[in-house]
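> sequence unavailable; structure follows:
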């Protein structure tokens, strides 16, 4: 777990550095969210400001790269998770504040030198509007993703644990629906004359729609494939399980690399097409790009291309955009609290993981998973083991170096884990028709006492 957080922290540093450096390079004559005339892009004062900004980027990334070494220390899971959330908030918050600061400095430089650009009248090319999607990939490019959706739904239906199957099937359906929605958004994005040359504007629009539709089709397909691989691994053993794990990692890396290089190539080609135009038409957009976000209540669009040329942003000037942003913020807050508090309970509460015989049933409970109740009449065997069997695949719950809690499959069979891996022995309860249960109390004596009580009650029932 510590190595995983360390790697994620370094990836975040690299991604942050990449994103900040990208806004320090002109795109459609936009530099640090401000539009400049071509002759001003090479002004010494502009170069000086950009150099200063890039130094700040290196300082931020260097500082947080060193700070990521904290994740290599042998700390409790709850402390590591808390540090990770604080690390992400500090890194992204610092990067954002520095970005906003230098956007403001660039704006001050423009005003001080009288470099404000005249606002051009909006040019609408009716021919371009009618043919805006002619090079967009057709809808049936999503058919491979649809096939994978059917496969993942079939896999989910075959799972012995119906609740897990419903969850995985629901995630697959929601994922496919989300990408179809994004497809519709891209197809409906309005176009404006950027260069004043109809041929150049047509080519830029064709490239944009082509690249973004390709990105959606590929990302949707790979994402659904990423959902089918874990489902397949639940019943895999030995070498096949290892191959599926490697396939999952390769697909994740490919998706990240593909996305970056595809959008970088699009940005590069757009800039090359605009070079003959010298000065792209300026519609006064700078006034609406505040603090790195687009805020324009007079714009009917909810989704707008960002100024870097690498993303689609939300118009926070619209009520619907504010609602989406608010829901996202609340979701992240709930996710943070919902992961940190249970981990603190696991680490510091004396009875976070419990097993108790009540009448003719035994109930197991732990944070971040529901209770599992087993009838004494359904128990086939009760034994104490020294190590968890393999291979294990977690389908829902917690899987760290210290805890195995939630729903798992063990050698293809369903299982419930309530295990503190720092405590042995492990109680293994095999049932007739239900999942096998693995349990430990933080105190080994408590686990042994429950074992002896179950052995006695099961024997007397027979």
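Happy to help now that I have it. Here the structure is a predicted model, which means the values were calculated and not measured.
> could you pull out the helices for the chain?
Per DSSP state H, the chain carries helices over the ranges 2-23, 38-41, 44-67, 77-113, 126-130, 143-158, 162-188, 198-233, 238-274, 319-348, 444-461.
> now for the ones you listed, which one comes closest to residue 355?
Evaluated over these, closeness to residue 355 peaks at helix 444-461, with 5.0 Å, by CB to CB. From N, CA and C alone the C-beta is placed, and that goes for glycine too.
> in terms of mean pLDDT, which of the helices of the chain ranks lowest?
Within the helices of the chain, confidence is poorest for helix 126-130, with a mean of 70 (mean pLDDT).
> mind putting the helices of the chain into TSV with distance to residue 354 and mean neighbour count?
Compiled in TSV, these are given as follows (distance: least, CB to CB, whole Å; neighbours: other CB atoms under 10 Å):
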stretch	distance to residue 354	mean neighbour count
helix 2-23	27	16
helix 38-41	66	13
helix 44-67	37	15
helix 77-113	18	16
helix 126-130	65	12
helix 143-158	30	17
helix 162-188	21	16
helix 198-233	29	19
helix 238-274	31	14
helix 319-348	11	14
helix 444-461	9	15
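> those helices: which one's closest to residue 369?
helix 319-348 (9.1 Å).
> tell me what angle the closest one forms with helix 77-113.
Counting by axes from the mean of the first three to the mean of the last three CA atoms, to 10 degrees, helix 319-348 lies at 150 degrees to helix 77-113.
> mind giving me the packing neighbours of helix 319-348?
helix 77-113, strand 312-314, strand 392-399 (3 or more CB pairs under 8 Å, 6 or more residues apart in numbering; DSSP states H and E).
> nearest approach to residue 144 belongs to which of those?
strand 312-314 (22.7 Å).
> can you list the buried residues in the closest one?
For strand 312-314, a neighbour-count test (16 or more other CB atoms under 10 Å) marks 313, 314 as buried.
> ok, back up a step: now render the helices and strands packed on helix 319-348 as a markdown table, adding distance to residue 242.
Listed next are the helices and strands packed on helix 319-348 as a markdown table, based on distance: least, CB to CB, whole Å:
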| stretch | distance to residue 242 |
| --- | --- |
| helix 77-113 | 25 |
| strand 312-314 | 37 |
| strand 392-399 | 12 |
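> among those, which is nearest residue 190?
Residue 190 sits nearest to strand 312-314 of all the helices and strands packed on helix 319-348, at 12.9 Å, using CB to CB.
> mean confidence for that closest one?
83.
> partners of it, with directions?
strand 303-305 (antiparallel) (DSSP bridges).
> return the distance of the partner strand from the chain's centre.
Strand 303-305 sits 20 Å away from the centroid of its parent chain (CA atoms, centre = their mean, to the nearest Å).
> what comes into contact with that strand?
185, 189, 208, 294, 311, 312, 313, 314, 315 (CB atoms under 8 Å, 6 or more residues apart in numbering).
> go again with 10 Å.
Where contact means CB atoms under 10 Å, 6 or more residues apart in numbering, the residues beyond strand 303-305 that reach it are 182, 185-186, 188-190, 208, 212, 285, 288-289, 294, 296, 311-315, 321, 324.
> which of the helices and strands packed on helix 319-348 sits closest to residue 141?
Residue 141 lies closest, by CB to CB, to one member of these: strand 312-314, at 18.4 Å.
> gap between the closest one and the chain center?
16 Å.
> Throw the helices of the chain into JSON lines and include distance to residue 360, thanks.
JSON lines is the format used below for the helices of the chain (distance: least, CB to CB, whole Å):
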{"stretch": "helix 2-23", "distance to residue 360": "42"}
{"stretch": "helix 38-41", "distance to residue 360": "79"}
{"stretch": "helix 44-67", "distance to residue 360": "54"}
{"stretch": "helix 77-113", "distance to residue 360": "35"}
{"stretch": "helix 126-130", "distance to residue 360": "73"}
{"stretch": "helix 143-158", "distance to residue 360": "32"}
{"stretch": "helix 162-188", "distance to residue 360": "24"}
{"stretch": "helix 198-233", "distance to residue 360": "35"}
{"stretch": "helix 238-274", "distance to residue 360": "38"}
{"stretch": "helix 319-348", "distance to residue 360": "29"}
{"stretch": "helix 444-461", "distance to residue 360": "8"}
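> tell me which of those lies nearest to residue 414.
Closest of those to residue 414 is helix 162-188, at 8.4 Å (criterion: CB to CB).
> packing partners of the closest one?
The contact analysis (3 or more CB pairs under 10 Å, 6 or more residues apart in numbering; DSSP states H and E) places helix 162-188 against helix 143-158, helix 198-233, strand 303-305, strand 312-314, strand 392-399, strand 403-410.
> so what touches stretch 317-334?
Stretch 317-334 is contacted from outside by 85, 88-89, 288, 290, 293-304, 313-316, using CB under 10 Å, 6+ apart.
> now list the buried members of these.
For these, a neighbour count by 16+ other CB under 10 Å gives the buried set as 88, 288, 290, 293-296, 299, 301-304, 313-316.
> and these, which is closest to residue 439?
Closest approach to residue 439 among those (CB to CB): residue 88, at 33.7 Å.
> residues contacting the residue nearest to the closest one when sequence neighbours are not counted?
Leaving aside its sequence neighbours, residue 88 sits nearest to residue 12 (CB to CB, 6 or more residues apart in numbering; 6.7 Å). Contacts for residue 12 (CB under 10 Å, 6+ apart) come out as 61, 64, 65, 68, 84, 87, 88, 91, 92, 95.
> farthest pair within the residues you listed?
Once CB to CB is applied, the contacts of residue 12 give 61 and 84 as the farthest pair, at 17.4 Å.
> quick one on the thing from earlier: to residue 336, which of the helices and strands packed on helix 162-188 lies closest?
Across the helices and strands packed on helix 162-188, closest to residue 336 is strand 392-399 (CB to CB), at 15.6 Å.
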